[in-house]
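S.K.: Provided below for reference: sequence and predicted model.
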Amino acid sequence: MHRPIGCIVFVCAVFLWVPKSVQAQGYEEDLSEFMCECLTENNFQSTRLEDRSQVFFLCISQSTTRLSENQREHIAQDAKETSDQEIGMRLLSVTSQACDEHQEAITAMFLYMDKSGDLNSSNINREDARDLVSEADTWIDQGIKLEEALEQLTQVIRAQPDYARAWYHRGRAQLAMERYYEAIGDFYAAIEFGKNQGLYRLGIGYAKVGIGDYGSAIPDLRYAHLAMPTDNELVNELGMAYYQLDQLDSAVFFFKKSMDLNPQSYSNTYNLMYTLAYSGKKNEAMDIVEEAMARFDTVSHGYELRAELYYLLGEYQEAYRDYSQALEKGTNHRKDIIQSMGLCKYELEDYASALTSYNLLIEEFDDLPSDIFLDRGRILTLMEEHKKALRDFNTAISLDQEDANGYYRRGQSYLAMENWKRAERDFDRVLSMAPYYLQAHYERGQARLGRGDTIGACQDFEAATEYDNVPEAVEAFNRYCEEQ
């Protein structure tokens, strides 16, 4: 997910002083400190964009000169193994760690040099640029031709490097393609050249949310909120960011605002209800649900919302009843509702009814994710229908070969069928993917014991007891391994 910001070849050649060994050897602090001091002393932030590279190269020279000879030798060696893109991103990271006040200015300089290097290479005038940007904007809104939109906007930027709208919409394209770091760089460039600061800060906030940096995203989102106080998506995003930071009172505040902005929105009301329930305010959560049931134009949404709350509270029979009502009222979330009904019956240990729901789900819908087949396989295992369960686990593995759960569940079925060799092979695969999955050590120990490998079994039982959280492994070790 962490994609580096672009970097032209000449700039990267100069930046070979930021390789991996710098961080490994502890030189990062020296470099960032020297760069920060130099940039501040030379008024880097207030320097015109087109002149910043001169100041930056001067600081590179001064900072590297201040390093020790041994540090420079390490840097030169690592430079041979470091890609241009890695160097560009590390340079930005190293400098901004010590003096983040220069981060926006550095990013704008990078992108200005990268994307507008030959300003005379295109004859796109401002009027043509507006038409090209508008066309790219339409593609981005529709989620189509994103690569083409990116290239078209890049051509505009090369011809019109001070055109803020082109930088902004290219940032949107980067966001849509989950290139979050590149998006941040483009939005910073838009800030450099444009006046719609709130909109550009909103883009930066969304990109930071994309990389999981919620604490840093909130100031950008709140700045944007001041400019766009009625933007429902923005208000909801602020609630989500605060929720991710476990600042639940602030999350509730923004979710309430979001619900007020769009009272018919199921997702806005759900977010508020869920956060209240999660923070232990069950009565308030139920009040929100009851109000929504009276307010929603779509009747099924009310039943679905109340069912979700009952499920969160562990009241599975009541949840099942409301999910059934939502289904009868014609919900547009039919697939999710059927699965939820199956989960309710699973929690109630009514496995036959749970199986009926999952059978219906698999019959009605195509392209289901692997977890649906894992769920049904688990239900079949509990009903001791191991051969049928194997078919579901095989399907789940074929859909997601990197999920250890499929191999683990299939291994359990092989154990139940006393197919020790295949069970051991599946648990081998689980432990290769998740070495500290202690329960898998215990299960593999059972498979090894079944085929007569007591020494191997005891090794697994011992491994499973390392943190004392697999009590059955302790019992197995005491029973079979004390004399080994």
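M.R.: Nice, thanks for sending it over. Residues are numbered from 1 along each chain as shown.
S.K.: for the protein, give me the ranges with low pLDDT.
M.R.: Within the chain, the stretches with pLDDT under 70 are 1-29, 49-51, 53-54, 57, 61, 71-101, 103, 107-122, 468, 483-484.
S.K.: domain ranges for it, per the record?
M.R.: Here the domain assignment for the chain is 9-115, 126-228, 436-484, based on automatic domain parsing.
S.K.: quick one: distance of the host helix or strand of Val209 to the chain centre.
M.R.: Of the helices and strands defined by DSSP states H and E, Val209 is found in helix 197-210. When C-alpha coordinates are averaged (Cα atoms, centre = their mean, to the nearest Å), helix 197-210 and its chain have centres 16 Å apart.
S.K.: sorry, back to before: out of the domains of the chain, flag the one nearest Asp367.
M.R.: domain 126-228 (18.5 Å; Cβ to Cβ). In this view, the C-beta of every residue, glycine as well, is placed from N, C-alpha and C.
S.K.: what's the spacing between the residue nearest to Tyr467 when sequence neighbours are not counted and Val430?
M.R.: What sits nearest to Tyr467 in space, not counting adjacent residues and going by Cβ to Cβ, 6 or more residues apart in numbering, is Leu438, at 6.6 Å. Between Leu438 and Val430 the distance is 11 Å, computed by Cβ to Cβ, to the nearest Å.
S.K.: now do the SS call for Glu418.
M.R.: State at Glu418, reduced to three classes by DSSP: H, G, I helix; E, B strand; the rest coil: coil.
S.K.: count of neighbours near it?
M.R.: Taking other Cβ atoms under 10 Å as the criterion, the count of residues near Glu418 is 10.
S.K.: next one: Gly450
M.R.: The local packing count at Gly450 equals 17, with neighbours defined by other Cβ under 10 Å.
S.K.: you'd agree it is up against Trp420?
M.R.: Yes: using Cβ atoms under 8 Å, Gly450 is in contact with Trp420, at 3.9 Å.
S.K.: list the contacts for the residue nearest to Tyr467?
M.R.: Contact partners of Leu438, counting by Cβ atoms under 8 Å, 6 or more residues apart in numbering, are Ala463, Ala464, Glu466, Tyr467, Asn469, Val470, Ala473.
S.K.: what packs against the host helix or strand of Ser340?
M.R.: Secondary-structure element containing Ser340, defined by DSSP H and E: helix 334-347. Here helix 334-347 touches helix 299-312, helix 316-328, helix 351-364, helix 370-382, going by 3 or more Cβ pairs under 8 Å, 6 or more residues apart in numbering; DSSP states H and E.
S.K.: list the buried residues of the helix holding Val209.
M.R.: Buried positions in helix 197-210, judged by neighbour count with 16 or more other Cβ atoms under 10 Å: 198-210.
S.K.: so which of those residues is the closest to Glu182?
M.R.: The closest of the buried residues of helix 197-210, once distances to Glu182 are taken by Cβ to Cβ, is Ala207, at 8.7 Å.
S.K.: ok, now which ones touch that closest one?
M.R.: Residues touching Ala207, when contacts are defined by Cβ under 8 Å, 6+ apart, comprise Gly171, Gln174, Leu175, Tyr180, Tyr181, Ala183, Ile184, Phe187.
S.K.: please apply the same query to Gly406.
M.R.: Going by Cβ under 8 Å, 6+ apart, Gly406 touches Ser370, Leu374, Phe393, Ala396, Ile397, Asp400.
S.K.: same thing with Phe253?
M.R.: Under the contact definition (Cβ under 8 Å, 6+ apart), the residues listed for Phe253 are Gly239.
S.K.: which strand or helix spans it?
M.R.: If you go by DSSP H and E, Phe253 is part of helix 248-261.
S.K.: so which of the contacts of Leu438 are in helices?
M.R.: Counted as lying in helices by DSSP state H, out of the contacts of Leu438, are Ala463, Ala464, Ala473.
S.K.: out of those, who has the most neighbours?
M.R.: Ala464 (26 neighbours).
S.K.: no further queries at this time; thank you.
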